[in-house]
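Participant: A structural model of the following input is requested.
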Amino acid sequence: MLRARIVLLAAAGTTPTPATSFETVYNSRVTARLFMRSRDEITSLCDGFTLLEPGLVWIPQWRPDSPHDVPEDPSKYWALVGVARYDGPPSPSAVAD
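Facilitator: Purely as a prediction, here's the structure:
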């Protein structure tokens, strides 16, 4: 059985950083808006889906060839990525709980 999957790549940030400065400059110059989101906001986009390994992670943490490929502060890459699988609607017993 084939299961639907979604791939997420979302700009992320919760505190003033160069990324939020980029967001301000970008939004002042283009029609399409950029919105930085928190990890919780991005995770909520996966409601009804199961996040697959390695979960929602910073770009360099997504399946690196070696642990040495992950920088000391991967959040400097400003975006979180993940893949989630749709497993179908919840069972009636799960909805009742």
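Participant: where does pLDDT dip in this protein?
Facilitator: In the prediction, the chain carries residues with pLDDT under 70 at positions 1-2, 14-20, 90-97.
Participant: C-terminal to the longest helix along it, what's the next element?
Facilitator: If you go by DSSP state H, the chain has its longest helix at helix 18-29. Remark: after helix 18-29, the chain's next helix or strand is helix 39-44, criterion DSSP states H and E.
Participant: take that next one, keep the C-alpha atoms, and write them as PDB.
Facilitator: The C-alpha trace of helix 39-44 is given here as PDB (Å, rounded to 0.1, in the frame of the first residue of the first chain):
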ATOM      1  CA  ARG A  39       9.900  24.400  15.600                       C
ATOM      2  CA  ASP A  40       6.500  23.900  17.300                       C
ATOM      3  CA  GLU A  41       4.700  25.800  14.500                       C
ATOM      4  CA  ILE A  42       6.500  23.800  11.800                       C
ATOM      5  CA  THR A  43       5.700  20.500  13.700                       C
ATOM      6  CA  SER A  44       2.100  21.400  13.900                       C
END
